[in-house]
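>>> got a structure for you, letters missing:
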């Protein structure tokens, strides 16, 4: 089934928004305050005065968590890239929803998914 004019316009808007996203990184930016190994340092006092803030970018690579320190001079860049990634994911989800609506409109009646189709089959012995 072909999309109607409003669906075409929505898809074009999503495509334009996707093109404008820019650089994107997945993951999380974390602010850390840490203790050092010097026993007489103020970070070991009561109450402690921890070192930091230190910023870390954390993400998953091949199922493992990978962390990188982010220099203060690049902090704004990382914030922008992480925000761009969230926007990218939202736009892709919106495009998937639109495409599914168009595909479903071309299917009269209820759709059967392959998983359900297998459950409804009768076996003969």
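Everything's here; your move. On a predicted model such as this, the values are computed, not experimentally measured, just so you know.
>>> the helix or strand containing residue 7: what's the following helix or strand?
Here residue 7 is covered by helix 5-19, with elements defined by DSSP states H and E. Using DSSP H and E, the helix or strand that follows helix 5-19 in sequence is strand 28-34.
>>> okay, buried residues for that following strand please.
In terms of neighbour count (16 or more other Cβ atoms under 10 Å), strand 28-34 has its buried residues at residue 29. (Each C-beta comes from the backbone N, C-alpha and C, glycine too.)
>>> ok, stretch 53-64 next?
Applying a neighbour-count criterion of 16+ other Cβ under 10 Å, the buried positions in stretch 53-64 are 55, 56, 57.
>>> which residues sit against it?
Stretch 53-64 is contacted from outside by 25-34, 65-70, 72, 75, 78, 82, using Cβ atoms under 8 Å, 6 or more residues apart in numbering.
>>> could you rerun that using 7 Å?
26-34, 65-70, 75, 78 (Cβ atoms under 7 Å, 6 or more residues apart in numbering).
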